[in-house]
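K.L.:
Sharing a model that was predicted from the sequence below.
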Amino acid sequence: RRHAPPMNASSSKPEEGQLAEFLDRFLRQAPRGDAEALQQWIRSQPQLGIDAAAEAALVQLLDERRAAQTISSAPPHPEEAHSFFGDKTRISGENASGQSGQSGLTPGSRLGRFVLREFLARGGMGQVWIATDTDLQREIALKLVLPELINDQSLGMFQREARAGGRVSHPNIVATHASGTDDGLTWISQELVRGSWTLKDFLEEARKEDRTPKAYYRKVAELMASIADGLEAAHQAGVIHRDLKPANILITEDEVPKITDFGLARVKGDSYLSMTGQFAGTWAYMSPEQITAKRMGLDRRTDVFSLGIVLYELLTQRRPFDGDTTAQLAEKIMYDDPQPVRVVRSQCPEELSVICGKAMEKRPQDRYQSAAALAADLRRHLSDEPIFAKPPGPVTRSV
């Protein structure tokens, strides 16, 4: 197989053929990969030397091919279920097309103590199945790293997710049961969240509405308080997520949010992905500390900032920071204040706008110092009590 040569970091205008070769290589591994998956793949391939400008060009090329598709969901089997916005088609866990996974895996295949039942999804590092754990006699979600996709980076991220998930037990975090290797396949056994959809789906439904429902802002506050509870539990266990975004938060049939995907987490005591200058996360949801790759100052408050971005997006139904290139996006995260929530959505309660602004302060010391503090202020708002956060005055804002 012919490989494109590594791209020099100083190259200002990569050739189209070289970009196409990189994109083809990515799509061979993740046929339904979207822009975020492409960016994560780029960060897992440092030997290619793809800089920010080339990354932006690759994302644009991917869009032009119309190959973007969320990798966290397979073709769904329609199942009508009630949601906050009424009836919505959710992913039931079944693959309507009967599609099987890679490496000859099919429903009924046995892997150690697991029997594969239904193929769920394929991503950049492997695939996810519904499986039966014959030892415990229960259905679980089984994540697999396929042999042809294993390298030091992908295996390290997979092992990190297993370690991070194994440290935390909380109702608002997808539970990790076990991990191991059987028949040459590395696996993680996790809680199966049936009938779930993501916070990203919730947002897409909200954007389709002609009018924002009266109870929408209260629902957002309730969801975010629960998510912050789960995040606090992770932080107490020594885990910093580093990739919080709507696509990484599941919502169960009972409307319970659960944080998932700890593949980029920073686990206390680990050295992997902790080197200076190495990125981890999704650009649109990164904190200023992540943008500058400040490892020494990276702590749980970086997740608080990312959670503030998610809250802003839920309240306004648009992202606070955007740009045509990752360089523009990074500059806005570093230096620009987004429009206040109340300017974008006049019906949003003032307290939620203030809470959101507090979570998204540029300097970590100016934010909520913990996810628990953020959750507490959200619940004060829900209980019609005074919140602790205060909008910055003109002097503070000028400084």
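P.N.:
Received it, and whenever you're ready, just let me know what you need. Numbering: from 1, shown residues only.

K.L.:
Going by C-alpha atoms from here, please, whenever you check contacts or count neighbours.
P.N.:
Will do.

K.L.:
Just the buried positions in the helix or strand that A233 is a member of, please.
P.N.:
Assigning secondary structure by DSSP states H and E places A233 in helix 216-236. Neighbour-count burial for helix 216-236 flags 216-218, 221-235 (criterion: 16 or more other C-alpha atoms under 10 Å).

K.L.:
next one: stretch 373-388
P.N.:
Quick answer for stretch 373-388 (16+ other C-alpha under 10 Å): 373-379, 381-382, 387-388.

K.L.:
Can you check the distance spanned by stretch 121-132, start to finish?
P.N.:
Taking C-alpha to C-alpha, to the nearest Å as the measure, stretch 121-132 stretches 17 Å from start to finish.

K.L.:
any idea of the mean pLDDT in the helix holding A233?
P.N.:
For helix 216-236, the mean per-residue pLDDT is 98.

K.L.:
Quick one: the helices in the stretch 201-350 of the chain, in order.
P.N.:
For the stretch 201-350 of the chain, applying DSSP state H, counting those that start in this stretch gives helices covering 216-236, 288-291, 301-316, 326-335, 341-344, 350-359.

K.L.:
The stretch 51-200 of the chain: strands as residue ranges?
P.N.:
76-83, 86-95, 110-111, 114-122, 126-133, 138-145, 176-182, 185-190, 197-198 (DSSP state E, counting those that start in this stretch).

K.L.:
returning to that earlier point: check the offset of the helix holding A233 from the chain's centre.
P.N.:
Centroid displacement of helix 216-236 relative to its chain, using C-alpha atoms, centre = their mean, to the nearest Å, is 15 Å.

K.L.:
Not counting sequence-adjacent ones, nearest residue to the residue nearest the centre of the chain?
P.N.:
Nearest to the centroid of the C-alpha atoms of the chain, with distances taken as C-alpha atoms, centre = their mean, sits N248, at 3.5 Å. Excluding its sequence neighbours, the residue lying closest to N248 (C-alpha to C-alpha, 6 or more residues apart in numbering) is T260, at 5.4 Å.

K.L.:
quick one: contacts for the one you found?
P.N.:
173-174, 248-250 (C-alpha atoms under 8 Å, 6 or more residues apart in numbering).

K.L.:
do that again at 6 Å, thanks
P.N.:
174, 248-249 (C-alpha atoms under 6 Å, 6 or more residues apart in numbering).

K.L.:
ok, now A35?
P.N.:
A35 neighbours (C-alpha under 6 Å, 6+ apart): V59.

K.L.:
Tell me the spacing between it and A53.
P.N.:
From A35 to A53 the distance is 15 Å (C-alpha to C-alpha).

K.L.:
With N172 instead?
P.N.:
37 Å.

K.L.:
For those two, indicate the residue with more neighbours.
P.N.:
N172 (21 against 17; other C-alpha atoms under 10 Å).

K.L.:
Was I right to think the more buried one contacts L231?
P.N.:
No: if you go by C-alpha atoms under 6 Å, N172 and L231 don't touch, sitting 8.1 Å apart.

K.L.:
Look at F85 and report its pLDDT.
P.N.:
48.

K.L.:
wait, I meant I42
P.N.:
Taking I42 on its own, its pLDDT is 84.

K.L.:
about what we covered before: include mean neighbour count when you put the strands of the stretch 51-200 of the chain into TSV, please.
P.N.:
As requested, the strands of the stretch 51-200 of the chain are arranged in TSV below (neighbours: other C-alpha atoms under 10 Å):
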stretch	mean neighbour count
strand 76-83	15
strand 86-95	18
strand 110-111	16
strand 114-122	23
strand 126-133	23
strand 138-145	22
strand 176-182	16
strand 185-190	21
strand 197-198	24
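
K.L.:
Lowest average pLDDT across these?
P.N.:
strand 76-83 - the lowest mean pLDDT of the strands of the stretch 51-200 of the chain, at a mean of 34.

K.L.:
that older thread, for the helices of the stretch 201-350 of the chain, give me JSON lines that also has distance to T282.
P.N.:
Formatted as JSON lines, these follow (distance: least, C-alpha to C-alpha, whole Å):
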{"stretch": "helix 216-236", "distance to T282": "17"}
{"stretch": "helix 288-291", "distance to T282": "10"}
{"stretch": "helix 301-316", "distance to T282": "10"}
{"stretch": "helix 326-335", "distance to T282": "10"}
{"stretch": "helix 341-344", "distance to T282": "22"}
{"stretch": "helix 350-359", "distance to T282": "18"}
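
K.L.:
Out of the ones you listed, flag the one nearest R167.
P.N.:
helix 216-236 (7.9 Å; C-alpha to C-alpha).

K.L.:
Can I get that closest one as PDB, trimmed to CA atoms?
P.N.:
Only the C-alpha atoms of helix 216-236 are listed here, as PDB (Å, rounded to 0.1, in the frame of the first residue of the first chain):
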ATOM      1  CA  TYR A 216     -36.900  23.900  28.200                       C
ATOM      2  CA  TYR A 217     -34.500  26.000  30.400                       C
ATOM      3  CA  ARG A 218     -35.500  24.100  33.500                       C
ATOM      4  CA  LYS A 219     -34.900  20.800  31.800                       C
ATOM      5  CA  VAL A 220     -31.400  22.000  30.700                       C
ATOM      6  CA  ALA A 221     -30.600  23.000  34.300                       C
ATOM      7  CA  GLU A 222     -31.700  19.600  35.600                       C
ATOM      8  CA  LEU A 223     -29.700  17.700  33.000                       C
ATOM      9  CA  MET A 224     -26.600  19.800  33.600                       C
ATOM     10  CA  ALA A 225     -26.700  19.500  37.300                       C
ATOM     11  CA  SER A 226     -26.800  15.700  37.000                       C
ATOM     12  CA  ILE A 227     -23.900  15.700  34.500                       C
ATOM     13  CA  ALA A 228     -21.900  17.900  36.900                       C
ATOM     14  CA  ASP A 229     -22.600  15.400  39.600                       C
ATOM     15  CA  GLY A 230     -21.100  12.600  37.500                       C
ATOM     16  CA  LEU A 231     -18.100  14.800  36.600                       C
ATOM     17  CA  GLU A 232     -17.500  15.600  40.200                       C
ATOM     18  CA  ALA A 233     -17.400  11.900  41.000                       C
ATOM     19  CA  ALA A 234     -14.800  11.400  38.200                       C
ATOM     20  CA  HIS A 235     -12.700  14.200  39.600                       C
ATOM     21  CA  GLN A 236     -12.800  12.800  43.100                       C
END
